[in-house]
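Participant: turn this into a structure:
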Amino acid sequence: MNETYGAAGSSGALAEARKWWKIHVSGAVDQAEVTERRREDSRMSEHYLFMTAMSGGIAILGLLLSSPAVVIGAMLLSPLMGPIMGLGFALAIGDWAWVKANLRTLLLGSAMAVLLCAVLVFVSPIQGITSEIAARTRPNLFDLFVALFSALAGAYAMIRGREGAIVGVAIATALMPPLAVVGFGLATWNWTVFSGALLLFVTNFITIALTAFGMARLYGFRANLSRGQSRVQSVMVVAVLLGLAVPLGFTLQRIAWEANAQRIVRSEIRAQFDPRAKLDTLELDFAAVPVGVDAVVFTPVLRPEVEQALARALADRLGEKVRLDLVQYEVGTNATAAERAQLSAARERDDRAATSRMQALGAKLAVAAGVPESDVLIDEGRRHALVRARALPGAGLATYRALETRIAASEPEWQIELVPPAMPLSVTIPFEDGKADAAALGLAQWAAQRAARAVVLTGRAPETEAAAAALRESGVEVAVRSQDGPLRAEWAQEQ
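Facilitator: A predicted model of the protein is given here:
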């Protein structure tokens with residue numbers, strides 16, 4: 001009997017709470033007025049398109065300059081919140097024509113912002129990935145919760161007529177900066193940036209719209225649906241949110257693992273060295289396979305043998321294969337901050353000098369090849385520079401080889417390749433004392449390697465075979481034709 005009384009009491013209290021909510025909370029809301037305001041804010045207009053374009057332009061400039069203040073200014077201008085919130089209210093009241101209008105408005109504004117940002121990035125001399133851009137390429141579960149709580153605040157402010165809070169919501173959800181990063185990824189053909197930023201925008205957009213839908217339903221905005229249809233609608237909303245939460249949760253888990261991995265790497269490196277040793281720099285590349293670890297240690301005692309053991313220890317603790325690049329600098333036993341600073345400054349000077357030399361090399365190759373510096377391909381890591389030359393008046397293959405040789409002599413640490421323009425190969429190779437002329441044979445070999453073409457040698461049999469053997473040893477594809485006369489080298493396709 002007590003249980004029956006308790007159940008009845010609970011049901012009565014719940015009924016009273018519902019009645020109070022309906023009369024004093026949702027009943028105090030002018031649904032017609034709120035709905036009309038939402039329609040006005042989400043309508044396609046000249047103001048909406050202009051402000052979206054301006055917001056996108058400011059956002060991409062702030063991202064390229066890595067200026068949080070400029071990015072926040074773009075968030076404040078962005079009118080994208082209007083159609084997204086309108087979409088949530090349209091779903092709540094079952095106005096499908098309004099749903100389509102909101103989606104069309106949002107899609108057009110978003111596409112315009114992305115294309116404008118892509119054009120600005122394409123013509124910009126600054127196209128590096130700044131910290132502001134990188135921060136919007138890897139969404140996680142926390143981003144979903146930020147959008148959720150911001151949308152709750154925004155929907156409440158709209159329903160209760162306190163829309164001044166929307167400014168804070170616009171900043172928190174940051175709808176425009178992810179779209180600007182999508183434009184950056186499109187302009188630079190960076191799929192990682194493009195897809196990561198697009199996922200962040202979609203996460204914010206869907207979470208805000210569905211949260212607005214839930215808040216509108218909570219405050220009594222109703223569609224002409226049966227109870228079963230309403231239940232299906234609610235289940236679909238929850239399913240979409242869970243569908244977003246699962247991959248974002250895995251991303252958050254990976255971020256947490258990476259943060260822990262950095263702590264593990266630091267502790268393992270320090271454990272391998274003298275307590276007086278200092279870990280100067282540590283860079284981890286989690287996107288590489290295996291995981292890349294680059295570290296610089298100042299130590300009073302060098303330990304050349306430690307790298308392999310440390311790599312195995314890191315692989316065991318991280319559970320993934322590790323590629324370790326460990327640089328050790330020997331310092332005094334009383335290594336001071338000044339001493340470390342001196343070494344760091346020396347490295348910085350070396351880096352600046354290397355960059356200056358690389359730029360000078362690019363300029364020299366560009367002048368020699370008759371092309372702009374942007375056409376020179378330089379691989380700093382492999383110390384390899386390549387340029388395809390334009391046809392220069394009066395220049396033959398020997399001229400281009402001499403230019404390459406001269407530049408290579410000034411940069412002995414670099415592999416220089418100056419690829420000549422398409423031209424005929426017609427090299428006479430003299431023979432003296434049974435040996436081919438080294439300069440002539442070398443020119444034929446160089447031309448074949450740079451042009452990646454096969455060569456035909458025409459001449460007396462002993463000479464053609466000897467020259468062909470020398471060329472084949474250098475990787476050149478050679479055919480021979482025996483006939484009387486001097487030995488000549490020509491392109492195989494011309495035979």
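Participant: only C-alpha atoms for contact and neighbour calcs from this point on.
Facilitator: Will do.
Participant: which parts of the stretch 151-300 of the chain are helices?
Facilitator: Secondary structure of the stretch 151-300 of the chain (DSSP state H, counting those that start in this stretch): helices at 166-173, 176-188, 191-218, 227-271.
Participant: lowest average pLDDT across these?
Facilitator: Across these, helix 166-173 has the smallest mean pLDDT, namely a mean of 56.
Participant: just the strands in the stretch 351-495 of the chain please.
Facilitator: 377-379, 384-388, 415-419, 427-428, 431-432, 435-436, 455-459, 478-482, 488-491 (DSSP state E, counting those that start in this stretch).
Participant: of all those, which one comes closest to Ile208?
Facilitator: With Cα to Cα as the measure, strand 377-379 is the member of these nearest Ile208 (45.4 Å).
Participant: parallel or antiparallel, list what pairs with that closest one.
Facilitator: According to DSSP bridges, strand 377-379 forms sheet pairs with strand 384-388 (antiparallel).
Participant: the strand it pairs with relative to strand 415-419, how many degrees between them?
Facilitator: Here the directions of strand 384-388 and strand 415-419 differ by 10 degrees (axes from the mean of the first three to the mean of the last three Cα atoms, to 10 degrees).
Participant: CSV for the strands of the stretch 351-495 of the chain, including distance to Arg270?
Facilitator: Formatted as CSV, those follow (distance: least, Cα to Cα, whole Å):
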stretch, distance to Arg270
strand 377-379, 33
strand 384-388, 36
strand 415-419, 38
strand 427-428, 62
strand 431-432, 65
strand 435-436, 61
strand 455-459, 58
strand 478-482, 57
strand 488-491, 61
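Participant: dump the ones you listed to CSV, plus mean pLDDT.
Facilitator: As requested, those are exported to CSV (pLDDT from 0 to 100):
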stretch, mean pLDDT
strand 377-379, 82
strand 384-388, 86
strand 415-419, 87
strand 427-428, 85
strand 431-432, 80
strand 435-436, 82
strand 455-459, 87
strand 478-482, 86
strand 488-491, 88
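Participant: need those in JSON lines (columns: mean neighbour count and distance to Asp274).
Facilitator: Shown next, in JSON lines, are the strands of the stretch 351-495 of the chain (neighbours: other Cα atoms under 10 Å; distance: least, Cα to Cα, whole Å):
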{"stretch": "strand 377-379", "mean neighbour count": "16", "distance to Asp274": "37"}
{"stretch": "strand 384-388", "mean neighbour count": "19", "distance to Asp274": "38"}
{"stretch": "strand 415-419", "mean neighbour count": "20", "distance to Asp274": "40"}
{"stretch": "strand 427-428", "mean neighbour count": "18", "distance to Asp274": "64"}
{"stretch": "strand 431-432", "mean neighbour count": "11", "distance to Asp274": "66"}
{"stretch": "strand 435-436", "mean neighbour count": "16", "distance to Asp274": "62"}
{"stretch": "strand 455-459", "mean neighbour count": "23", "distance to Asp274": "61"}
{"stretch": "strand 478-482", "mean neighbour count": "17", "distance to Asp274": "60"}
{"stretch": "strand 488-491", "mean neighbour count": "22", "distance to Asp274": "63"}
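Participant: hey, where'd the helices end up in the stretch 351-495 of the chain?
Facilitator: 397-410, 438-451, 461-473.
Participant: nice, that's everything, thank you.
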